[in-house]
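Engineer: sequence-free structure coming up:
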């Protein structure tokens, strides 16, 4: 199985690979790397994405079980990616409302 890379130039999507949690972790790690590369703080991303800073911190910390069930993971990923100037819909393509309830 080939995992998504987390370096600049290769944008992982949650559609790659087979493990849901592994894909989620890889995408969030990539987004964090891009955020840091752009010199943005979690607060900066929170303001741009309308996501609470605590939610972004939980995502970046791998605490996916602490994300609110009322806000699908795909929406969180899309907003985070969009806030970084990335194609959020493409990055979050594998996290539907149904998948977020896992």
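Structural biologist: That came in fine, so what should we check first? Computed from a predicted structure; not experimentally measured. Numbers count the residues shown, from 1 in each chain.
Engineer: now do the helix ranked longest in the chain, average pLDDT.
Structural biologist: Identified as the longest helix of the chain according to DSSP state H is helix 20-37. Over the span of helix 20-37, the pLDDT mean works out to 92.
Engineer: and if you look at stretch 87-97?
Structural biologist: 78.
Engineer: which parts of the longest helix of the chain are buried?
Structural biologist: 20, 23-32, 34-35 (16 or more other Cβ atoms under 10 Å). Using the backbone N, CA and C atoms, a C-beta is placed for each residue, glycine as well.
Engineer: now the closest residue to residue 71 other than its chain neighbours: how far from residue 65?
Structural biologist: Closest residue in space to residue 71, ignoring its immediate chain neighbours: residue 55 at 7.7 Å, by Cβ to Cβ, 6 or more residues apart in numbering. From residue 55 across to residue 65, the span is 13 Å (Cβ to Cβ, to the nearest Å).
Engineer: now do residue 87
Structural biologist: Residue 87 is 27 Å from residue 65, by Cβ to Cβ.
Engineer: compare the two and say which is more crowded by neighbours.
Structural biologist: The neighbour count for residue 87 versus residue 65, taken as other Cβ atoms under 10 Å, is higher for residue 87 (13 against 7).
Engineer: give me the distance between the nearest residue to residue 89 once chain neighbours are set aside and residue 37.
Structural biologist: Once flanking residues are discounted, residue 89 sits nearest to residue 78: 5.9 Å by Cβ to Cβ, 6+ apart. For residue 78, the distance to residue 37 equals 20 Å [Cβ to Cβ].
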